[in-house]
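In: Sequence and predicted structure, then a few things I'm wondering about:
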Amino acid sequence: MITNPKFLNLILLSGKPERKLCAARAAGFEQVEIWREDVHASAQGAIGLGQLAKQQKLSFTNLQVLRDFTGVPDCDQLYKREELREFIHIASDLGCDTIQAPASTREDCLAEHIDEDLCWMALEAARYNMRIMYEPMSWCIIDNTLPRAWERLKRLKQPNLGLVVDLFHICALGGDASQLDGIPADRIYSVQLCDMAALPPQEKGALMDIARHQRLLPGDGIIKVENFIDKLKSVGYSGPVGIEVFNDVLQEKLTEVVAQQAWQALNRYWP
């Protein structure tokens, strides 16, 4: 029987990182997606948060989020590569083996450099036994859909490069669970569940605003979450499944209560 680790992205919760970790574990989650900003906000730092998580029997799904790494102009390449090394150092101190890196959102992205940059990132991460989760976001310049991102990773053949399946970004552009067709289960590193009240306008600003402020817990909107779950189970997906919801209203509520609500929402779909 496949038992998928269940995670909560800490972006849903308010308060200090230590409180977020404890609230997630108390609610029932086995893992969390943690942000570099959480680490910077902690007086204990990455090592201390890693020790706290270990005490709580909690692990880290991934460290977020290394933005706009691929296709950067030459003048920014050195800075971005140093930023990757910072992420690797933080992840190592946390005891985390996966870093999330979305496709580029920069208007000046150099499409012809993306393959080279992704391969460099994968090889650098592999030196530390780490993986890179490549995320196609709905407002990305080049790889803004799951099929496009998978075609690139399939061509590059880097064993530690995998995909993030984020229901918001698939459905915001009118996609559905069929976008998972043809993607091997072991190349999906994380499945992030959420919902939305309505299909958003197909404009970058609107997509970003809803994605970062108005997502809903799965089951509270229009996304056919069960279709994605059925597809993932049919291919034997055994990786992490969890909640990634950015919601300003929920963030204002008591941390422990929101963590419990997220746990209940996740278990409606992935018991």
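Out: Nice, I can see it. Numbering: from 1, shown residues only.
In: For the helix ranked longest in the chain, what is the distance to the chain centroid?
Out: Longest helix in the chain, counting residues (DSSP state H): helix 74-94. In terms of CA atoms, centre = their mean, to the nearest Å, the centre of helix 74-94 is set 18 Å apart from its chain centre.
In: Do a quick rundown of the helices in the stretch 151-271 of the chain.
Out: Under the criterion DSSP state H, counting those that start in this stretch, the stretch 151-271 of the chain contains helices at 167-172, 204-213, 225-234, 248-251, 255-269.
In: Show me what the fourth one is packed up against.
Out: Helices and strands touching helix 248-251, as assessed by 3 or more CB pairs under 8 Å, 6 or more residues apart in numbering; DSSP states H and E, comprise helix 255-269. The C-beta positions use only the backbone N, C-alpha and C, and glycine is treated the same way.
In: The helix it packs on - contacts with which helices or strands?
Out: Going by 3+ CB pairs under 8 Å, 6+ apart, helix 255-269 lies up against strand 6-9, helix 17-27, strand 188-193, helix 225-234, strand 241-243, helix 248-251.
In: tell me which residues in that helix are buried?
Out: Using 16 or more other CB atoms under 10 Å as the test for burial, helix 255-269 gives T255, E256, V258, A259, Q261, A262, W263, A265, L266.
In: And stretch 108-123, by the same measure?
Out: C109, L110, H113, I114, D117, L118, W120, M121, A122.
In: which residues touch the third one?
Out: By CB atoms under 8 Å, 6 or more residues apart in numbering, H113 lies in contact with T70, G71, V72.
In: coming back round to it: and Q64, which of the helices of the stretch 151-271 of the chain is closest to it?
Out: helix 204-213 (12.9 Å; CB to CB).
In: tell me what that closest one is packed against?
Out: Under the contact criterion of 3+ CB pairs under 8 Å, 6+ apart, helix 204-213 touches helix 167-172.
In: Could you double-check that Q100 lies in contact with M133?
Out: Yes: assessed by CB atoms under 8 Å, Q100 is found in contact with M133 at 4.5 Å.
In: who touches both of these two?
Out: Common neighbours of Q100 and M133 are listed as N62, V164, S190 (criterion: CB under 8 Å, 6+ apart).
In: Need the three-state assignment for L52.
Out: helix (DSSP: H, G, I helix; E, B strand; the rest coil).
In: Against E86, how distant is it?
Out: 21 Å (CB to CB, to the nearest Å).
In: what stretches of the stretch 1-150 of the chain score poorly on pLDDT?
Out: 1-2 (pLDDT under 70).
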